[in-house]
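S.K.: Sharing a model prediction with you, sequence too.
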Amino acid sequence: MVRLGAMDASLFEQVGGEPVLRSIIRTFVDRMFADPMIGFLFRNASRERIADKEYELAAQHLGGGVVYTGRPIGEVHAAHSILEGQFARRLEILRRTLEEAGAPSAVIQHWLAYTESLRPLVIGDDAECSP
């Protein structure tokens, strides 16, 4: 049996696979829901559904072979006026959660860059407030 080195492992494997990623996502979602700056955005959302879709999206972009089954990101956020500062706050919560979980730096860098790539799909046209 050939064992893959850390350099050969997917980012999904480097983070610890499904159990670790689900734990990170649970913490991340709990922090978003409780956050005084952005928590109100989730007041009508299902915590379980958000965690499930966040897991699918993360597992997919980290190379875990999981398919994201949610609606396209732009479509999901079209009905919400997400401001630049709110997007930045979510990004900071994600960064802090990943660092505190001990995620490898390659995973953190990739995940933050991936999230940044979604900014134009998430921020509304009327989002004038900057971080």
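M.R.: That came through, no problem.

S.K.: only C-alpha atoms for contact and neighbour calcs from this point on.
M.R.: OK.

S.K.: just the helices in the chain please.
M.R.: Here the chain has its helices, by DSSP state H, at 11-15, 17-34, 47-61, 73-77, 84-100, 105-117, 119-122.

S.K.: Comparing those, which yields the minimum mean pLDDT?
M.R.: Ranked on mean pLDDT, the bottom entry among these is helix 73-77, at a mean of 86.

S.K.: In that helix, which of the residues would be classed as buried?
M.R.: For helix 73-77, a neighbour-count test (16 or more other Cα atoms under 10 Å) marks nothing as buried.

S.K.: Tell me which residues are up against that helix.
M.R.: 118, 121-124 (Cα atoms under 8 Å, 6 or more residues apart in numbering).

S.K.: Tell me which of the helices of the chain sits most buried.
M.R.: helix 11-15 (a mean of 21; mean count of other Cα atoms under 10 Å).

S.K.: picking up where we left off before, output the helices of the chain as a markdown table; include the columns distance to F40.
M.R.: Compiled in a markdown table, the helices of the chain are given as follows (distance: least, Cα to Cα, whole Å):
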| stretch | distance to F40 |
| --- | --- |
| helix 11-15 | 30 |
| helix 17-34 | 7 |
| helix 47-61 | 13 |
| helix 73-77 | 15 |
| helix 84-100 | 11 |
| helix 105-117 | 21 |
| helix 119-122 | 16 |
